[in-house]
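*Asks:* fold the following.
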Amino acid sequence: MSDVPASHSLSRGRIIGVRALLVLGVLLSVLSILSTYVKREALDTDRFKQTSRALIADPLIQEQVAARLVDAFYTKVDVSAELKDALPTNLKPLAGPLTGLSRGFADTAAQKLLTRSSAQDAFVELASLSQSQVVKILQGNTRVVSTTNGNVVLDLTPLVLKFGDRFGFVSNLADKIPQGSAQITIVNADGLDTAQTITRWLEQVANYIWILAVAAWVGAIWLARGRRRQEVRALGIGLIAVGILVLVLRFFAGKYFVENLVTSEAARPAASDAWQIITKALADAGWVTFAVGALVALGAWLIGHGQRATSVRSAVAPALSRTGVAWASYAVIIFLLIWILPIQMFRTSVGLVLLSAIGFVILRRQVAAEAGSAPVADTASAAPLDPPAPPG
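*Replies:* I've put the predicted structure just below:
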């Protein structure tokens, strides 16, 4: 991938256009990652169920949910009075002390309850119900929250009833703990219009904005005749920057969420775990983008004219000259990459395979040209990234 002579170098205007397209592609890729995350994590029911199950399986979150169940139960049920009615006459004075002891064991009992698959299944279903309400609200149907003062809530009452079943002496438990007795506000009515606008916009662009990003990059490389290797390297560095930016945004957004929006010091460790679980898909996208950018930049360096790159090509030339060995090695490496990287979308895997295959063909052609013979199997391969300059 040789560059053209200086007499045929790009004009200043074309270089500016190339860099502008690269920057545009980088910005669009950030929006693509964020919009895809919102669509998959917040609006996809199956994905949300997986996240909910991961949340309730976390010990710190179990501890906080258990505390909420115990508080709701003891708020609605006069355990001392119920116990006094159930005890024999000579033991009724013990109702008060026994109630205090029961409260001491209640948190442990509630946490043990939440480790059971049946309780976790119930939590997932309750969370999914709230998520479906959130989706309807964000899509403009606010009638679904007319009974909760304009808020979306997670109603843990069924879990409170499951916990209350352990207190067999409490009569008419369902009447004492009616539906809606243990609610956690998920979405507040304040700022709802803004959330609806942003969500609708992100939902719409998630389907095609990545195409615009790819088109910008293809356009930049097409314009950069004579500097294509440098611009491919710049693209790789841009993707690395995108990955780092996504990870940094996630870190600081989580820090703000835990330190400023969670008022209880005791609840902050659980809130931190919840943030890590909920935004794991965003982190995965950031790491994948970083890794792909590093591979692109490494490939651009490997086919360059530097002494180290030339030495590396010379070292791998014998293996690359043997078509079967070369492509088998490529297949193994690309399989390991797809297996190791937390790739969540099929199109990402397809794009990685296609781009890496093109780069691998270019590398083999360059190594063969430097060795003085072209590999037979690749005689019909695509033209090099930078075609020879016209004479003159």
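
*Asks:* okay, CA-based contacts and neighbour counts for the rest of this
*Replies:* Noted.

*Asks:* surely residue 278 and residue 51 touch.
*Replies:* Yes - with contacts counted by C-alpha atoms under 8 Å, residue 278 reaches residue 51, the gap being 6.4 Å.

*Asks:* neighbour count: those two, which is higher?
*Replies:* residue 51 (22 against 18; other C-alpha atoms under 10 Å).

*Asks:* what's the spacing between the residue sitting furthest away from the middle of the chain and residue 84?
*Replies:* Most distant from the centre of the chain: residue 90, at 60.8 Å, with distances by C-alpha atoms, centre = their mean. For residue 90, the distance to residue 84 equals 10 Å [C-alpha to C-alpha, to the nearest Å].

*Asks:* what sits up against stretch 12-23?
*Replies:* Outside stretch 12-23, the residues within contact range by C-alpha atoms under 8 Å, 6 or more residues apart in numbering are 216-217, 219-221, 223-224, 231, 234-235, 238.

*Asks:* give me the phi and psi angles of the spatially most central residue of the chain.
*Replies:* The chain has residue 281 as the residue nearest its centroid, 1.5 Å off, counting by C-alpha atoms, centre = their mean. Backbone torsions for residue 281, taken as degrees, to the nearest 10, come to phi -60, psi -40.

*Asks:* spatially nearest residue to it (excluding sequence neighbours)?
*Replies:* Among residues not flanking residue 281 along the chain, residue 37 sits closest, at 6.8 Å (C-alpha to C-alpha, 6 or more residues apart in numbering).

*Asks:* hmm, residue 278 and the one you found touching each other?
*Replies:* No - counting by C-alpha under 8 Å, residue 37 stays clear of residue 278, with 10.2 Å between them.

*Asks:* from the contacts of stretch 12-23, which is closest to residue 117?
*Replies:* residue 238 (44.7 Å; C-alpha to C-alpha).

*Asks:* tell me how many other residues crowd that closest one.
*Replies:* 23.

*Asks:* go on, the one 3 residues further on?
*Replies:* For residue 241, the number of neighbouring residues by other C-alpha under 10 Å comes to 19.

*Asks:* residue contacts, it?
*Replies:* Taking C-alpha under 8 Å, 6+ apart as the test, what residue 241 contacts is residue 290.

*Asks:* that one and residue 297, how far apart?
*Replies:* 12 Å.

*Asks:* kindly report the same for residue 16.
*Replies:* Residue 16 is 20 Å from residue 297, where distance means C-alpha to C-alpha.

*Asks:* which stretches of the stretch 1-150 of the chain form helices?
*Replies:* Assigned by DSSP state H, counting those that start in this stretch, the stretch 1-150 of the chain shows helices spanning 12-37, 45-56, 59-76, 79-86, 95-114, 117-138.

*Asks:* residue 372 is nearest to which of those helices?
*Replies:* For these, proximity to residue 372 was assessed by C-alpha to C-alpha; helix 12-37 is nearest, at 33.3 Å.
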